[in-house]
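Undergrad: Just a sequence and a predicted model for now, questions to come.
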Amino acid sequence: MGSIRFLNAGESHGPALTAIIEGIPSNLKISADYINRDLARRQSGYGRGGRMKIEKDKVEIISGVRFGYTLGSPITLMIKNKDWENWTEIMAVEGQPTDKKEIFNPRPGHADLAGGIKYGFYDLRNVLERASARETTTRVAVGAVCKRLLEDIGIKIGSYVVSIGDISVRDIIQDIPLEERFDRAERSEVRTPVPEEDEKFKKLIDFAKEEGESLGGVFEVFATGVPVGLGSHVQWDRRLDGRIAQAMMSIQAMKGVEIGEGFKLAEMFGSQAHDEIFWDKGKGFYHETNRAGGIEGGITNGEPILVRVAMKPIPTLMRKKSLRSVNIKTKEPFLAAKERSDVTAVPAAAVVGEAMLAIVLADAVLEKFGNDNWIEIKNRVKEYRRYIKEF
């Protein structure tokens, strides 16, 4: 199902991370520089750990693009791991195993224990190398290609942080337009739409670091300029809100997703929850509110899509706050301890959320309008927008 599909591969400390995208139409303008901007945004944010000081992610486009335009054939993207030079013996493809950096102690909150049991590994490095959020690097690269496609037909994707720990700006930003929230967040060290509140967030992050703690939070991802009619109500797996929710929950450490007002709608009367419908000769059907988050019955309704995602605290903690666990081989208890980790990665996760929303929406666009030649597809979208206004 779907017009776009991608596979990514690579381990956190392996030679490189790669992705192959199939289904991007021909004649879409794209460049490595365009993708690299989002890769840099993913690595930013107050509270990131030491790995971000090592890696300066840059994409190499290996196939599917010629002279700056897509060919319609599979696009291959590669991002080299600079840290690989320190792991060549430990992560070697051939040769004999080494006991360096072996991990027998599963960390609470990670995939270590469940993955080790599932795949039959005692050395849990075989699990954590792929389960690592480093994998999202290629998702951001794939998402950037999809963003470029959406941007070409007037759909803009953005994100911002709503809360970190118990500090939230959700109530403060209600009257700020979505695209302005994004623009403001790009000027904030923690990517909130209220940069003047940065010091409060940074103080909390610094406190957590001193205590050996980590912090989760909530971010919002949006899309503006989305036409009516993407997705479908006719089968469960074609409902766009379901596809978006699955995409967001596939990001490491995400534990909750809301579309629009989400759980708040459960507390309202029906007369308060639903978006009334209006019609204007100049713009056609519209809503004055957007509690549904731009999707009704699994189909876009012409309003901005708004997705809210909750991220749990990173489970790798510093030594002062070690969590109890049990060695997978000896079955002896131990205190999990790690030295290098992010205190919080909510600002970075928001950028990954943008990528996943872009991938789902680009797929939905091509599903509706075709996926061969981007020049033809853009004309179909233009005609469809005219039809919507005249409906």
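TA: Nice, thanks for sending it over. Numbers count the residues shown, from 1 in each chain.
Undergrad: who's in contact with stretch 309-321?
TA: Residues outside stretch 309-321 that contact it (CB atoms under 8 Å, 6 or more residues apart in numbering) are 107-110, 209, 211-221, 248, 251, 253-258, 323, 336-339, 341-346, 349, 353. To be clear about C-beta, it is placed using only N, CA and C from the backbone, and glycine gets the same treatment.
Undergrad: In helices only, show me those.
TA: Secondary structure assignment (DSSP state H) places 209, 248, 346, 349, 353 from the contacts of stretch 309-321 within helices.
Undergrad: in this protein, what spans have low per-residue confidence?
TA: For the chain, residues meeting the criterion pLDDT under 70 lie at 1-2, 48-55, 319-321, 337-340.
Undergrad: neighbour-wise, which of the ones in helices among the contacts of stretch 309-321 leads?
TA: Using other CB atoms under 10 Å as the neighbour definition, the ones in helices among the contacts of stretch 309-321 reach their maximum at residue 346, which records 31 neighbours.
Undergrad: Now do the contacts for that residue.
TA: Residue 346 sits next to 45, 47, 161, 164, 190, 191, 215, 216, 217, 218, 219, 311 when contact means CB under 8 Å, 6+ apart.
Undergrad: same thing but 7 Å
TA: By CB atoms under 7 Å, 6 or more residues apart in numbering, residue 346 lies in contact with 161, 164, 216, 217, 219, 311.
Undergrad: ditto for residue 245
TA: Residues near residue 245 by CB under 7 Å, 6+ apart: residue 257.
Undergrad: Could you pull up phi and psi at it?
TA: Backbone dihedrals for residue 245, given as degrees, to the nearest 10, come out at phi -60, psi -40.
Undergrad: Doesn't residue 176 belong to a strand?
TA: No: with DSSP: H, G, I helix; E, B strand; the rest coil as the criterion, residue 176 is located in coil rather than a strand.
Undergrad: need the helices for the stretch 101-250 of the chain, in chain order.
TA: 112-119, 125-131, 136-151, 178-185, 198-210, 240-249 (DSSP state H, counting those that start in this stretch).
Undergrad: Which one of the contacts of residue 346 sits in the busiest neighbourhood?
TA: Once you tally neighbours by other CB under 10 Å, residue 164 ends up highest among those, having 31 neighbours.
Undergrad: Quick check: phi and psi at residue 5.
TA: Dihedral pair for residue 5: phi -140, psi 150, per degrees, to the nearest 10.
Undergrad: which residues pair with it across the strands?
TA: Beta bridges link residue 5 to residue 22 when assigned by DSSP bridges.
Undergrad: That one against residue 24, yeah?
TA: No: shown here, residue 5 and residue 24 do not form a contact pair, counting by CB atoms under 7 Å, at 10.4 Å.
Undergrad: More neighbours: which of these two?
TA: Comparing residue 5 with residue 24 by other CB under 10 Å, the one with more neighbours is residue 24, at 27 against 13.
Undergrad: related to what we said a few turns ago, need the winner for burial among the helices of the stretch 101-250 of the chain.
TA: By mean neighbour count, with neighbours taken as mean count of other CB atoms under 10 Å, helix 136-151 ranks first of those at a mean of 25.
Undergrad: so what's the residue lying closest to residue 113 once chain neighbours are set aside up against?
TA: For residue 113, the nearest residue in space outside its immediate sequence neighbours is residue 106; the separation is 3.7 Å by CB to CB, 6 or more residues apart in numbering. Residue 106 makes contact with 112, 113, 116, 124, 325, 328 under the criterion CB under 7 Å, 6+ apart.
Undergrad: Need phi/psi at residue 106.
TA: Taking degrees, to the nearest 10 as the convention, residue 106 sits at phi -70, psi 140.
Undergrad: What of residue 359?
TA: Residue 359 has phi and psi values of phi -60, psi -40 when expressed as degrees, to the nearest 10.
Undergrad: The ones in helices among the contacts of stretch 309-321 into a markdown table, with extra columns for distance to residue 366?
TA: Output for these, formatted as a markdown table (distance: CB to CB, whole Å):
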| residue | distance to residue 366 |
| --- | --- |
| 209 | 44 |
| 248 | 20 |
| 346 | 31 |
| 349 | 26 |
| 353 | 21 |
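Undergrad: And the furthest pair within those?
TA: Every pair in the ones in helices among the contacts of stretch 309-321 was compared (CB to CB); the two farthest apart turn out to be 209 and 248, at 27.0 Å.
Undergrad: Near residue 110, how many other residues are there?
TA: By other CB under 10 Å, 21 other residues sit near residue 110.
Undergrad: could you measure the nearest residue to it once chain neighbours are set aside against residue 214, distance?
TA: Across the structure, with CB to CB, 6+ apart as the measure, the residue nearest residue 110 apart from its sequence neighbours is residue 315 (5.6 Å). Between residue 315 and residue 214 the computed distance is 7 Å (CB to CB, to the nearest Å).
Undergrad: more crowded one of those two?
TA: Shown here are residue 315 and residue 214; by other CB under 10 Å, residue 214 has more neighbours (26 against 16).
Undergrad: hey, where'd the helices end up in the stretch 251-391 of the chain?
TA: In chain order, the stretch 251-391 of the chain shows helices spanning 270-273, 346-369, 374-390, with DSSP H, counting those that start in this stretch as the criterion.
Undergrad: export the second one as CSV, just CAs?
TA: The C-alpha trace of helix 346-369 is given here as CSV (Å, rounded to 0.1, in the frame of the first residue of the first chain):
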residue,chain,number,x,y,z
VAL,A,346,12.7,16.6,22.5
PRO,A,347,13.9,19.5,20.1
ALA,A,348,15.6,16.9,17.9
ALA,A,349,12.6,14.6,18.0
ALA,A,350,10.4,17.3,16.7
VAL,A,351,12.5,17.5,13.5
VAL,A,352,12.1,13.7,13.1
GLY,A,353,8.4,14.2,13.6
GLU,A,354,8.4,16.7,10.7
ALA,A,355,10.1,14.1,8.5
MET,A,356,7.6,11.4,9.3
LEU,A,357,4.6,13.7,8.7
ALA,A,358,6.2,14.7,5.4
ILE,A,359,6.7,11.1,4.3
VAL,A,360,3.1,10.2,5.1
LEU,A,361,1.6,13.3,3.3
ALA,A,362,3.9,13.0,0.2
ASP,A,363,2.7,9.4,0.0
ALA,A,364,-0.9,10.5,0.2
VAL,A,365,-0.4,13.2,-2.4
LEU,A,366,1.0,10.8,-4.9
GLU,A,367,-1.6,8.2,-4.1
LYS,A,368,-4.3,10.7,-5.1
PHE,A,369,-2.6,12.5,-8.0
